[in-house]
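Q: Provided below are the primary sequence and the corresponding predicted coordinates.
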Amino acid sequence: QLQLVESGGGLGQPGGSLRLSCAASGGTLGYYAVAWFRQAPGKERGEVSCISAGGTSTRYAESVKGRFTISRDNTKNTVYLQMNSLKPEDTAVYYCAATALRNCARSYDVWGQGTKVTVSS
């Protein structure tokens, strides 16, 4: 059964960068579309970005367009989220999630445990 583990969170400076990783085990991540979600304190969880199984299609929330880049290395069973030009409002717990559909979806079947990102000077 597919399992996801996020890493790379921590403290980032405003204007700085962080790279999150979502590593899969128990299955082939290349068969799944994968999304990153985030949940800030007191707010609902929302999708940040998604990438199709083959990596040819991506989508981004308006709030991160031009700053975040999602990518995947199916040989490493890993999806990444490169976060540049960080803002304090990017502070949240970030989750990766996968769906057995090959394209980005509205719901996801498998979730990681989350990694916390704090953007502060």
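A: Done, it's in. It should be emphasised that the depicted structure is a prediction, and the values quoted were computed from it without experimental measurement.
Q: Tell me, how many residues neighbour the nearest residue in space to Gln13 that is not next to it in sequence?
A: With Cβ to Cβ, 6 or more residues apart in numbering as the criterion, Gln13 has its nearest non-adjacent residue at 5.8 Å, and that residue is Ser121. The way it works is simple: take the backbone N, C-alpha and C, and place the C-beta from them, glycine included. Close neighbours of Ser121, defined as other Cβ atoms under 10 Å, add up to 9.
Q: Equivalent analysis for Glu62, please.
A: Using other Cβ under 10 Å: Glu62 sits among 6 other residues.
Q: How about the one 10 residues further on?
A: Other residues within reach of Arg72 by the criterion other Cβ under 10 Å amount to 22.
Q: Just give me the residue right at the centre of the protein.
A: Trp36 (2.7 Å; Cα atoms, centre = their mean).
Q: Do you know the pLDDT at that residue?
A: Here the pLDDT value assigned to Trp36 is 98.
Q: Got phi/psi on the closest residue to Trp111 other than its chain neighbours?
A: Nearest residue to Trp111, sequence neighbours excluded (Cβ to Cβ, 6+ apart): Ala97, at 4.8 Å. The phi and psi values for Ala97, taken as degrees, to the nearest 10, are phi -150, psi 150.
Q: does Cys104 really touch Cys50, like I thought?
A: Yes: counting by Cβ atoms under 8 Å, Cys104 does reach Cys50; the two are 3.7 Å apart.
Q: Give me the common contacts of those two.
A: Counting by Cβ atoms under 8 Å, 6 or more residues apart in numbering, the shared contacts of Cys104 and Cys50 are Ala33, Ala35, Thr58, Arg59.
Q: related to what we said a few turns ago, mind listing what's buried in the strand or helix carrying the residue nearest to the centre of the chain?
A: In the assignment (DSSP states H and E), Trp36 maps to strand 33-39. In terms of neighbour count (16 or more other Cβ atoms under 10 Å), strand 33-39 has its buried residues at Ala33, Val34, Ala35, Trp36, Phe37, Arg38.
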